[in-house]
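> Based on what follows, work out the 3D shape:
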Amino acid sequence: MRENGTRRRAAPHFIDRATVIAAALEAFAERGFHGASTRSIAALARTSLSNLYNYFGSKDEILEFVLESTSRELADSLETAVADAGGGPPGRLAAAVSAYVRFIVDKPQASLVGITEFRYLAGERRAAVVEQRDRSEAVFRAVISEGRAAGDFDVLDVPSATRAAVSLCNSMSAWYRPDGPHSADELVRLQVDLALGLVRSAQRAERSSPAHHRNPRRSIEAP
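Alright, predicted model coming up:
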């Protein structure tokens with residue numbers, strides 16, 4: 001377009017939070033932290049490299065931003081799910097696991113990058129992400145501690161059981177595939193059943209097969 005005989009410059013493409021996160025996650029998931037470049041992230045965000053540097057000073061800063069944002073989102077979802085859940089400690093544990101599974105299903109790249117690329121953060125950048133991860137762990141610890149006190153869970157040590165439950169959820173990031181054989185609801189049911197079994201709960205996830213009716217243990221419907 002020309003104005004007064006001169007070519008008008010196109011307006012700069014300003015990037016927002018969601019665009020940066022999506023572009024960086026795609027780059028880190030496909031190429032890893034070292035394989036990805038700020039130039040490739042800028043290209044995926046459909047902006048210039050110089051414009052990207054207006055927001056971030058380095059690739060390390062982008063990684064921190066992405067991991068802190070997605071870890072915060074996960075922690076928020078876990079806290080909300082447990083606060084809204086009924087069914088005592090077993091129901092709240094099921095709600096936490098369900099929220100974690102659905103986060104992975106909805107955001108597989110964020111989940112994978114959070115597990116594989118976190119090691120490249122150090123110092124204050126690492127601490128910012130750890131703070132959000134600690135929030136997620138605290139959700140599981142509180143529920144398991146409550147369940148043990150109430151006699152719903154039979155665990156020898158709450159911190160150990162907490163780490164095991166969180167690791168169960170984390171591990172899904174490595175093997176989950178959107179084109180896998182299980183639906184999101186089926187994955188929730190499977191993971192909830194494993195988590196409740198891990199803490200030796202008398203309640204287990206609702207079965208969808210006839211075998212469920214032969215199981216004398218009480219069951220809860222996964223959120």
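> switch to C-alpha atoms for all contacts and neighbour counts from now on
OK.
> Mind jotting down where the strands sit in the chain?
2-3, 6-7, 204-205, 219-220 (DSSP state E).
> Going by neighbour count, which residues in the helix ranked longest in the chain are buried?
Longest helix of the chain, by residue count under DSSP state H: helix 123-150. Across helix 123-150, burial judged by 16 or more other CA atoms under 10 Å covers 125-126, 128-130, 132-133, 135-148.
> mean confidence for that helix?
Average pLDDT, helix 123-150: 96.
> From what I see, Val143 and Ala94 are in contact.
No - using CA atoms under 8 Å, Val143 is not in contact with Ala94, being 10.0 Å away.
> Now do the residue nearest to Arg125 when sequence neighbours are not counted against Ser50, distance only.
Sequence neighbours aside, Glu64 is the residue nearest to Arg125 in space, at 5.7 Å (criterion: CA to CA, 6 or more residues apart in numbering). In this view, Glu64 and Ser50 are 19 Å apart by CA to CA, to the nearest Å.
> okay, those two: which has more neighbours?
Counted by other CA atoms under 10 Å, Glu64 and Ser50 do not tie: Glu64 has more neighbours, with 21 against 12.
> I figured that one was touching Arg126, is that so?
Yes - counting by CA under 8 Å, Glu64 touches Arg126, with 7.2 Å between them.
> burial of the closest residue to Gly86 other than its chain neighbours, as a residue count?
Leaving out its chain neighbours, the residue that sits closest to Gly86 by CA to CA, 6+ apart is Arg92, at 6.4 Å. When neighbours are defined as other CA under 10 Å, Arg92 has 26 of them.
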